[in-house]
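In: following is a predicted model, sequence given first.
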Amino acid sequence: MKRCSWCNEKNPIYVEYHDNEWGKLQTDDAYLFEMLILESFQAGLSWECVLNKRENFREAYDGFDMGKVCAYDEAKKAELRSNPGLIRNKLKIDASVGNARIFREIVGECGSFYDYLKNFTGPDIIFECDKTTSEISDKISADLKKRGMKFVGSTIIYSFLQAVGMIYSHEESCDMCKLAEE
């Protein structure tokens, strides 16, 4: 199978993610919450680094149960910072808890995080490659920052939108792109 050039085919976790998850439209708030938290940890790192630690994050973050993450206190954040299976950046860990609370507020306001995102993207999947930001990711990033989220710059948000399938970016030479055209 021909895959996107960024997919490290020597890493089975990455291949599985590319082939069965990345770019497939996801609308479930639990999934969107997990991906937004994970994407925020990518800042300054590779997605492969985060993806390799995903199961550790799931365990440490109580299966990304939004209610539980919103309730994390300083003791829990200290526990996360001492977990060698995670990215132990204090600012990112603090942001993940604050972002969880804002995510919950957005769900309360809009009905779902997917509905919030559609306010910016519209109802249709966007097909584009070779970008790292867009006018849409700029606007979502600015709004999330205005609401108080951290580590949600335009590049992170663009990557998030690609991951959850709102922007479909499999490369033209990738078999996944060819399958989408059929």
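Out: Sure, I can see it. Residues are numbered from 1 along each chain as shown.

In: and L32, what does it touch?
Out: Contact analysis of L32 by Cβ atoms under 8 Å, 6 or more residues apart in numbering lists Q26, F113, Y114, L117, V164. C-beta here means a position set from N, CA and C on the backbone, and glycine is covered the same way.

In: E9: neighbour count?
Out: 10 (other Cβ atoms under 10 Å).

In: same check on M1?
Out: Neighbour number of M1 under other Cβ under 10 Å is 9.

In: report pLDDT for it.
Out: As predicted, M1 sits at a pLDDT of 88.

In: find the nearest non-adjacent residue to it, please.
Out: The shortest distance from M1 to any non-neighbouring residue, by Cβ to Cβ, 6 or more residues apart in numbering, is to D175 (5.1 Å).

In: mind checking pLDDT for the one you found?
Out: As predicted, D175 sits at a pLDDT of 91.

In: residues contacting it?
Out: M1, K2, R3.

In: quick one: low-confidence parts of this structure?
Out: 178-182 (pLDDT under 70).

In: show me where it has its helices.
Out: For the chain, applying DSSP state H gives helices covering 12-20, 29-42, 47-52, 54-60, 66-70, 74-81, 90-110, 113-121, 135-147, 154-163, 175-181.

In: before we move on, back to that, now, which of the contacts of D175 sits nearest Y31?
Out: Among the contacts of D175, R3 lies closest to Y31 (Cβ to Cβ), at 22.1 Å.

In: okay, the contacts of D175 in CSV with distance to L91 next?
Out: Output for the contacts of D175, formatted as CSV (distance: Cβ to Cβ, whole Å):
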residue, distance to L91
M1, 38
K2, 39
R3, 33
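
In: nearest to L38 among the residues you listed?
Out: R3 (20.5 Å).

In: what about the closest one, neighbour count?
Out: 18.

In: equivalent analysis for N52, please.
Out: As a burial measure, N52 scores 14 neighbours (other Cβ under 10 Å).

In: so it touches I13, yeah?
Out: Yes. N52 is in contact with I13 according to Cβ atoms under 8 Å; the separation is 6.1 Å.

In: switch the helices of the chain over to JSON lines; also include distance to C129.
Out: Below are the helices of the chain laid out as JSON lines (distance: least, Cβ to Cβ, whole Å):
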{"stretch": "helix 12-20", "distance to C129": "14"}
{"stretch": "helix 29-42", "distance to C129": "19"}
{"stretch": "helix 47-52", "distance to C129": "16"}
{"stretch": "helix 54-60", "distance to C129": "24"}
{"stretch": "helix 66-70", "distance to C129": "32"}
{"stretch": "helix 74-81", "distance to C129": "35"}
{"stretch": "helix 90-110", "distance to C129": "28"}
{"stretch": "helix 113-121", "distance to C129": "17"}
{"stretch": "helix 135-147", "distance to C129": "14"}
{"stretch": "helix 154-163", "distance to C129": "10"}
{"stretch": "helix 175-181", "distance to C129": "8"}
